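Q: Next come a sequence and a model predicted from it.
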Amino acid sequence: MTEVNIDELKQARYMSLTSPPASPEAKRLVDSIIDIILSAEQRKRVRQPGAAAAFKSAVGLIVGDLLIGLQTREVGWSYLSLSTAAFSDRPIGYKTFKPIVQAMETSGLIDVSLGRLVIYCH
């Protein structure tokens, strides 16, 4: 876990989840992150094709947002409320978002501040 500085958390960028990967490099990065997440998951069943496409899209939107946060802020922290209501107008649902973020954290790709979802992208 990265040392959390409260002043840095106050500067965290809000995650809009509206920035899919566009460049070939970004798409390759998302594919690599998906491979890491899949190897960390402990699913009993394989995702159906529609769910797999939604999963890939969700990972792309999360990674895209984190990359924008790294480029636009000095601190590298991004945040999003984890209340289910916060996802009502989002392209990703809570039930999709939360396991992806947990797998990314377990894999050491991001750090999550306790008490609220504040993500630090490495």
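A: Noted; the coordinates are in hand.
Q: Provide the strand pairings for the helix or strand harbouring residue 78, with the direction of each partner.
A: Element membership for residue 78, per DSSP states H and E: strand 77-79. Sheet pairing of strand 77-79 (DSSP bridges) gives strand 13-14 (parallel), strand 118-121 (antiparallel).
Q: average model confidence for stretch 46-65?
A: Mean pLDDT, stretch 46-65: 92.
Q: Which of the strands paired with strand 77-79 has the lowest mean pLDDT?
A: Averaged per stretch, pLDDT over those is lowest on strand 118-121, reaching a mean of 57.
Q: and the longest helix along the chain, what does it pack onto?
A: For the chain, the helix with the greatest residue count under DSSP state H is helix 49-72. With contacts defined as 3 or more C-beta pairs under 8 Å, 6 or more residues apart in numbering; DSSP states H and E, the packing partners of helix 49-72 are strand 13-14, helix 24-40, strand 77-79, helix 94-106, strand 118-121. C-betas here are computed from N, CA, C, even on glycine.
Q: Switch those over to CSV; also include mean neighbour count and distance to residue 66.
A: Below are the helices and strands packed on helix 49-72 laid out as CSV (neighbours: other C-beta atoms under 10 Å; distance: least, C-beta to C-beta, whole Å):
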stretch, mean neighbour count, distance to residue 66
strand 13-14, 16, 9
helix 24-40, 14, 10
strand 77-79, 22, 6
helix 94-106, 17, 9
strand 118-121, 21, 4
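Q: For residue 50, which of those is the nearest?
A: helix 94-106 (12.2 Å; C-beta to C-beta).
Q: What is the closest one packed up against?
A: Secondary-structure packing of helix 94-106 (3+ C-beta pairs under 8 Å, 6+ apart): helix 24-40, helix 49-72, strand 110-112.
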